[in-house]
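K.L.:
Okay, sequence plus prediction incoming.
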Amino acid sequence: MKKIVLIVVAIFITILMLIVIFGDSKVASSKIKSTTVNTNTCTNTDTVINDYIDNFCDETKCSSVSVVVMQDGKITIYGDEDALYQIGSMTKAFTGLAVLKLINEKVLSEDDIISDHIKGFTAYYEKEARDITIGQLLTHTSGYTNKETDYPSALEGMSLRAWTDTISGSELSFAPGTGYSYSNVNYNLLGAVIEESTGLSYKEYMEKEILTPLGLADTYVGTPDDGDVVSGSRLMFRRSIPYDIPVIEGRIPAGYMYSSASDMARWMQIWTGADMTLSSQDDDANKENQKENLKDNKEENVDIPIEYKQLVCDIKAHISSAGDYYAGWEYVSDDILNEDTTDEKEAIGHSGGTPNYSSRIVFSQDKNTGVCVLTNLNVAASTDSLCNEIYAYIINGRDAEHEMEIKTSIATDVWTVFDIVFTGMFIMGIVTLVGILIVNRRCILLVSGALLVLILIALCVVMPIIFGAGLYDILCIWAPYSMMCGMGILAADIAAIGVRLLRLKAR
């Protein structure tokens, strides 16, 4: 009788879990509306792009998406234009622009070495001291990688300067200037250089010298003091669960600014030069009203001081072919964008991903076209895919016959795969736990226990190697909650087998 009850309970729990997990969890993406800025956009484009967004939300379970589309200089925003999202590594372009401004003012030089500005800073390769230049930080050729176990990020409460002391003296992965490896270390070091060379905090300098002159009123260095901040989220059992973590000061320059779709529209127009009028004088009144003027269609010009226009041109001049990276921007090839063209008009862009947000921006000055996607879920590969697909759609002028591609066009992110796998593991773990309580044969329990132990050990060893981070960071910060639950039930099964074997032996 006891066995029958346990079997019934196992079946009931499994069915309940399947209903909860795979029931109707469709995000209400139909609520996403388009807001047109400057001019109207054709209805067909709105419909197709909304279909892309709907499909993205259905596939990823993301609860909030804002998309900026610029076509021939005309802006359309899908979703909430004022909602604030963490923009991840898209922050690097702001840090890069600030560094180029200081280079232009002769405060810095690309040939300056880090220790010229951060006193006592050292780096080694093959146990020999090596100099790293500002230029190498801008291009990710310093020798640092994004491997957290080798170059840990700043801890909570740690300033940029304090963090540099923890990185100083590290062994580089390759000699500076001899290779390329994308690394957040490079841009956090640039943030520290900004602080040391100006006497201002990174936040103070960015607000005073970058955000205010460019009229980016809805872009914030670190957590916004006010505004409509969209809560971040994290996957769990095929749902997105609200998930907020503190922004750490020592990590901001590489990836923790916030912005809105309306500011990203302006940012894109600044970089493409769309409808741009140069101004040699600062017009404070104009700057204060630029954002509202853009929204309300009171003016079509995005007005910035000529100094910044020159900086934008200087940065873009460094990015002209595959593999180019400079000052927070990278060359985006046609094959990534699925373009059906053979011309040489390049696109420039960047992605962003934090534990609870993901984003991407791609634009072409030649085509006066671009797309920016902001989301509140870390599904970077899917977010990149959504941005690239919309960009390809507006570039290639796809018609209705291509709409069937929409349902299969969004790439599946690794965290989505993990959520599916570990959700299944959790369900199987519950069923296994009930089975353990029923089975009385020691050989079956021993074999099952050994197998489960091997799986758990493999996960604990392989995951840090794959992601280059500690197991705690993977489970507790980055991965879906379902991974923690799946490994937890696995450990519970192992413990239950151990207890069951002891009780059988006692008999």
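P.N.:
That came in fine, so what should we check first?
K.L.:
Contacts only, for Met158.
P.N.:
The contact partners of Met158, by C-beta atoms under 8 Å, 6 or more residues apart in numbering, come to 166, 248-250. C-betas here are computed from N, CA, C, even on glycine.
K.L.:
again, only this time at 10 Å
P.N.:
Counting by C-beta atoms under 10 Å, 6 or more residues apart in numbering, Met158 makes contact with 164-166, 248-251.
K.L.:
With Thr141 instead?
P.N.:
132-133, 135, 174-181, 183, 186, 325.
K.L.:
now do the same end-to-end measure for stretch 134-144.
P.N.:
13 Å (C-alpha to C-alpha, to the nearest Å).
K.L.:
what stretches of the chain score poorly on pLDDT?
P.N.:
Applying pLDDT under 70 to the chain flags residues 1-45, 274-302, 334-345, 398-408, 507.
K.L.:
what residue lies at the spatial centre of it?
P.N.:
Gly353 (1.2 Å; C-alpha atoms, centre = their mean).
K.L.:
Quick one: neighbours of the closest residue to that residue other than its chain neighbours, just the number.
P.N.:
Excluding the flanking residues, the one nearest Gly353 by C-beta to C-beta, 6 or more residues apart in numbering is Ala380, at 3.8 Å. Counted with other C-beta atoms under 10 Å, the neighbours of Ala380 add up to 23.
K.L.:
Was I right to think Ala380 contacts Thr412?
P.N.:
No - the criterion here is C-beta atoms under 10 Å, and Ala380 misses it with Thr412 at 11.5 Å.
K.L.:
Are we agreed that the residue nearest to the centre of the chain is in a strand?
P.N.:
Yes - judged by DSSP: H, G, I helix; E, B strand; the rest coil, Gly353 forms part of a strand.
K.L.:
How is Glu330 classified with respect to secondary structure?
P.N.:
Classified using three-state DSSP, Glu330 is strand.
K.L.:
Now for it: which residues touch it?
P.N.:
92-93, 140, 182, 319, 322-324, 347-351.
K.L.:
Could you measure from it over to Ile315?
P.N.:
Noted for Glu330: a distance of 12 Å to Ile315, by C-beta to C-beta, to the nearest Å.
K.L.:
overlap in contacts of these two?
P.N.:
93, 348.
K.L.:
What segments of the stretch 401-507 of the chain are helices?
P.N.:
414-438, 442-467, 471-473, 481-506 (DSSP state H, counting those that start in this stretch).
K.L.:
for the stretch 201-350 of the chain, that is, sorry about that
P.N.:
202-206, 252-255, 261-272, 284-296, 306-317, 334-337.
K.L.:
which strands and helices sit next to the first one?
P.N.:
If contacts are counted by 3 or more C-beta pairs under 10 Å, 6 or more residues apart in numbering; DSSP states H and E, helix 202-206 sits against helix 91-104, helix 184-198, strand 220-221, helix 252-255.
K.L.:
Looking at the helices of the stretch 401-507 of the chain, which one is packed in the most?
P.N.:
helix 414-438 (a mean of 19; mean count of other C-beta atoms under 10 Å).
K.L.:
Could you name the helices and strands sitting against that one?
P.N.:
helix 2-22, helix 43-60, strand 233-236, strand 239-242, helix 380-396, helix 442-467, helix 481-506.
K.L.:
For the second one, name the packing helices and strands.
P.N.:
This points to helix 43-60. Secondary elements touching helix 43-60 (3+ C-beta pairs under 10 Å, 6+ apart): strand 34-37, strand 65-71, strand 74-78, strand 369-375, helix 380-396, helix 414-438.
K.L.:
Next, format the ones you listed as TSV and append distance to Asp112.
P.N.:
Shown next, in TSV, are the helices and strands packed on helix 43-60 (distance: least, C-beta to C-beta, whole Å):
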stretch	distance to Asp112
strand 34-37	41
strand 65-71	35
strand 74-78	38
strand 369-375	32
helix 380-396	33
helix 414-438	38
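K.L.:
which stretch among these comes nearest Glu209?
P.N.:
strand 369-375 (23.0 Å; C-beta to C-beta).
K.L.:
Mind checking the helices and strands packed on helix 43-60 for the one nearest to Asp111?
P.N.:
Short answer: strand 369-375, nearest of those by C-beta to C-beta, at 32.6 Å.
K.L.:
one step back: so which of the contacts of Met158 are in strands?
P.N.:
The strands, defined by DSSP state E, take in nothing from the contacts of Met158.
K.L.:
Drop anything exposed from these.
P.N.:
With neighbours counted using 16 or more other C-beta atoms under 10 Å, the contacts of Met158 contain these buried positions: 164, 248-251.
K.L.:
want to try JSON lines for those residues, with distance to Val439 as columns?
P.N.:
Formatted as JSON lines, the buried ones among the contacts of Met158 follow (distance: C-beta to C-beta, whole Å):
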{"residue": "Thr164", "distance to Val439": "57"}
{"residue": "Ile248", "distance to Val439": "48"}
{"residue": "Glu249", "distance to Val439": "54"}
{"residue": "Gly250", "distance to Val439": "52"}
{"residue": "Arg251", "distance to Val439": "49"}
